[in-house]
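1. Below are the sequence and a predicted model for it; my questions follow.
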Amino acid sequence: DADVTDEELQTAMCGAERLVNSRPITYVNSDPNDPSPLTPNHFIVGQIGGVFAPEALDQVEANNPRNRWHRVQQLLQLFWKRWRKEFLPRLNVSKKWFHPKHNLKQGDVVLIAEPKASRGEWPLARVIEAYQGSAGLVRVVKVKSRNKEYFRPIHRLCRLEALDNFRF
């Protein structure tokens, strides 16, 4: 004899999921003119209106498939720009040399932040060797991505903790 129905429980769980996925994953600025911070919900359901979709198409343009496609491309480009600017730097391990967070080590999984790469095309790689500088901090690593090996400075890498057990 449950005191809530399945539908009520499902509604409560959906509400909890929405709350958890509304937490910011980028810096929250106190300036109201700045864009709202990215949240997991931006990935899950997107955001209608607001700063993620700054201007709407008028009714005539909205019915044209080409205009709709261009609009989607605009939104994706805007999202990618914000993702690169606001979220990926938080993953970067080099923050400040006088506050080391984590020295990269063999086996770490990283994104290779290639400035000229297309949207969403930063490759995953695994660190196969780490090279420490004179202060004991890793500044350069050798990574393997697909079947190629590269030397990369750590300021071009973003460590992905959740993927440490990922197999290439």
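-> Received, thanks. Since the model is a prediction, treat every value here as computed from it, not as a measurement. Residues are numbered from 1 along each chain as shown.
2. show me what contacts Gly133?
-> Arg139 (C-beta atoms under 8 Å, 6 or more residues apart in numbering). In this view, the C-beta of every residue, glycine as well, is placed from N, C-alpha and C.
3. any idea how far it is from Leu160?
-> The gap separating Gly133 from Leu160 is 23 Å, by C-beta to C-beta, to the nearest Å.
4. Kindly report the same for Asn147.
-> For Asn147, the distance to Leu160 - C-beta to C-beta - is 20 Å.
5. Could you check which of the two is surrounded by more residues?
-> Looking at Asn147 and Leu160 with other C-beta atoms under 10 Å, you find the greater number of neighbours at Leu160, namely 15 against 6.
6. out of everything not next to it in sequence, what's closest to that one?
-> Of all residues not flanking Leu160 in the chain, Val109 sits nearest, at 4.9 Å (C-beta to C-beta, 6 or more residues apart in numbering).
7. Tell me where the protein has helices.
-> With DSSP state H, the ranges of helices along the chain come out as 6-20, 40-44, 59-62, 65-82, 88-91.
8. Would you single out the least confident of those?
-> The minimum mean pLDDT among the helices of the chain belongs to helix 59-62 (a mean of 60).
9. How many residues are close by Ile130?
-> Quick fix: residue 130 reads Ala, not Ile. 18.
10. Which strand residues bridge it?
-> With DSSP bridges as the criterion, Ala130 is bridged to Val141.
11. Correct me if wrong: it contacts Gln106.
-> Yes: between Ala130 and Gln106 there is a contact under C-beta atoms under 8 Å: 6.3 Å.
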